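Enquirer: sequence and predicted structure below; questions after.
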Amino acid sequence: MKVKVNRKTCIGCGICPALAPEVFYMDKENIACVKDDSHYIEHEKSITESILSCPVNAISLDEK
């Protein structure tokens, strides 16, 4: 499973790192990013909450 944030779509609202701080962080440009060392399976519920809460649908999940 791989989580992605579309940098062009993200508006920097901060919802995803608030819901899943173990997976997301905000960079210097105030754009959400995915931590490289995240264990996505362990945080599937908070990732799903982040995806559903993103106001601009900037987060996607590739389950491959």
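Expert: Arrived safely, thanks for sending.
Enquirer: what lies in contact with stretch 41-61?
Expert: With contacts defined as C-beta atoms under 8 Å, 6 or more residues apart in numbering, stretch 41-61 is touched by 1-6, 9-11, 13, 15-16, 19-20, 22-24, 32, 40. For glycine as for every other residue, the C-beta is placed from the backbone atoms N, C-alpha and C.
Enquirer: which of those fall in helices?
Expert: 15-16, 19 (DSSP state H).
Enquirer: out of the residues you listed, who's the most crowded?
Expert: Within the ones in helices among the contacts of stretch 41-61, C16 tops the neighbour count with 27 neighbours, counted by other C-beta atoms under 10 Å.
Enquirer: so what's it up against?
Expert: By C-beta under 8 Å, 6+ apart, the contact set of C16 is 5, 23-24, 32, 50, 53-54, 59.
Enquirer: try 6 Å
Expert: 24, 32, 50 (C-beta atoms under 6 Å, 6 or more residues apart in numbering).
Enquirer: could you provide the ones in helices among the contacts of stretch 41-61 in JSON lines, with additional columns for distance to E44 and pLDDT?
Expert: Formatted as JSON lines, the ones in helices among the contacts of stretch 41-61 follow (distance: C-beta to C-beta, whole Å; pLDDT from 0 to 100):
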{"residue": "I15", "distance to E44": "17", "pLDDT": "97"}
{"residue": "C16", "distance to E44": "14", "pLDDT": "97"}
{"residue": "L19", "distance to E44": "12", "pLDDT": "97"}
